[in-house]
Structure formats: structure tokens, C-alpha cells
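> Okay, here's the prediction I keep looking at, along with the sequence it came from:
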Amino acid sequence: MKSTDDYSPIVKDTLKTSDIAKYCGVSVVHVIRWAKSGKLKSFRFPGGRYKFSKKDFRKFLEDNNIPIMEEFFEKKEIKKILIADDDTDCAKGLKISLETEFPVFKIRVVSDGYEALMEMGQFNPDLLILDIRMPKIDGLEVCYRVKSSESWSDTKIIAITGYSKAYTEKNVLGSGADEFLLKPIKTEELFNHIRKLIGVKSGIER
């Protein structure tokens, strides 16, 4: 098994154990066994999670006579953003702004923490814009669950709140959020964070 040092410092097009498991119709435990045995080349980031390059996974499929779905290996171009906010006016305004600035993105809206976690499983967004103070499950708990999940650990989170005294930047980022913004949201600041977090250089991906 290759170590992290055997790969470029910036690894593009990486896959998680859950991605491999879903493709092959096996359990995550099965994929980890392949990695540990060296049957499937892998590397590990701090935290111990296995990662795989698409190139190595494709070779694994070829070596084991497993059918290759070309669409799986095509570059992902359309980003997905999930907005979770119980303030419907704020959520609606954010959605309109994002659709205008990033017209090729897929954007969905939910209104509480429970719906956010349910939609994470269905939608699998690249970015979650998350209001911290929400009913049912608050944003801090949503952050923790998303970042603790093998399936969602790569999802970026921009936490937003209008309650800066109750939710400080320190404890929000400590729960797993990647960025912290106070309401009312400055749209250009939000757009800049989105571009940085999910690798978008312009409003429309080329």
C-alpha cells in the first residue's frame, strides 16, 4: 500500500471508501480490506480515512475484470449546494442569489436540521450553507454529524447565524464548519467563500 508521500501533495479526483463500496456493491469494510491488503492502491490523510485516486481505482477494475462505467470517471462539473435555514425569506433570497451567480449549480433548500441530514443522504452536496440556530436538530449538531460521516466528510460547510453572542465563531468552527458568516449575509463575501471552498473560479464552470 502506498503512503501519502508517494502521491502529489494535492491529490485530485479522489474517492472515498463509500464511493468504491457503492460502485462495486460491497460494504465499506470490504473496501478497507482491499486497501489494507494492497489489492486496491490507497493513501491516508490525517484522521485515518482511506482515499483512492480514480486512476488507481480504474486499474483495479480492469485487473479484476469489473465493468467500467465511463460516466463515473468523467470530471464532475456541476456543483451542488444545500441551503438549510428555517428563515424562509433568507433561504429564498440566498437561493435566488446563488442561482444568478452560479447558474449551472444545483441548489436545494430545507428548513430544519433534521431535513438537512436527510437531504444530505439524498442530494450529497458539495457545499452546505447552514443556519446554526434551527429547530429539531441545531446547526452545531448537524456540523458534527456531517464531518464525522465517512460519506459526507468532504462536504464543505459555511455556517451562518444572526446570534453572534450565543454562537461564536470559535465554537462554530470547532464543530466542523469551514467558514462562519454573520447575518445579514454579504453576498459577495459568500460568493468568495464558495469559490474558495469548492474550487470555482468563476460563476459558470468551464
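All right, it came through fine.
> List the buried residues for stretch 102-116?
Of the residues in stretch 102-116, those with enough neighbours to count as buried (16 or more other CB atoms under 10 Å) are 102, 105, 107, 109-113, 115-116. Yep, even glycine has a C-beta here, placed from its N, CA and C like the rest.
> Which member of those residues is positioned nearest residue 168?
Taking CB to CB as the measure, residue 113 is the one of the buried residues of stretch 102-116 closest to residue 168, at 19.0 Å.
> roughly how far apart are the closest one and residue 40?
Using CB to CB, to the nearest Å, one obtains 36 Å as the distance from residue 113 to residue 40.
> If you average pLDDT per helix and strand, which one of this structure comes out bottom?
Lowest by mean pLDDT, DSSP states H and E among the helices and strands of the chain is helix 70-73, with a mean of 81.
> quick one, phi/psi of residue 112?
The phi/psi pair for residue 112 (degrees, to the nearest 10) reads phi -160, psi 170.
> Just the CA trace of the least confident helix or strand of the chain, in PDB.
Taking C-alpha atoms only, helix 70-73 is exported to PDB below (Å, rounded to 0.1, in the frame of the first residue of the first chain):
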ATOM      1  CA  GLU A  70     -17.300   5.700 -18.100                       C
ATOM      2  CA  GLU A  71     -19.700   8.300 -16.700                       C
ATOM      3  CA  PHE A  72     -18.400   7.500 -13.200                       C
ATOM      4  CA  PHE A  73     -14.900   8.700 -14.200                       C
END
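> and residue 178, what does it touch?
156-158, 197 (CB atoms under 8 Å, 6 or more residues apart in numbering).
> again, but for residue 14
Neighbouring residues of residue 14 by CB under 8 Å, 6+ apart: 51-54.
> Quick check: residue 140 is in a helix.
Yes. Residue 140: assigned to a helix according to DSSP: H, G, I helix; E, B strand; the rest coil.
> Please report how far it lies from residue 127.
Distance from residue 140 to residue 127, counting by CB to CB: 18 Å.
> Quick check on those two: which one has the bigger neighbour count.
With neighbours defined as other CB atoms under 10 Å, residue 140 and residue 127 compare such that residue 127 has more, 24 against 21.
> can you pull the pLDDT of that one?
At residue 127, the model reports a pLDDT of 96.
> What of residue 36?
Model confidence at residue 36, given as pLDDT, is 93.
> tell me which element it falls in.
helix 28-37 (DSSP states H and E).
> Could you pull out the helices in this structure for me?
Assigned helices in the chain, in chain order: 17-24, 28-37, 54-63, 70-73, 88-101, 113-123, 139-148, 169-174, 187-198 (criterion: DSSP state H).
> Relative to residue 180, which of those is closest?
Among those, helix 169-174 comes nearest to residue 180, with 4.5 Å by CB to CB.
> List every C-alpha atom in the closest one, with coordinates, as CSV.
Only the C-alpha atoms of helix 169-174 are listed here, as CSV (Å, rounded to 0.1, in the frame of the first residue of the first chain):
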residue,chain,number,x,y,z
GLU,A,169,-17.0,31.9,15.6
LYS,A,170,-14.7,29.7,17.7
ASN,A,171,-17.3,27.2,18.8
VAL,A,172,-19.0,27.1,15.3
LEU,A,173,-15.7,26.4,13.5
GLY,A,174,-14.8,23.9,16.3
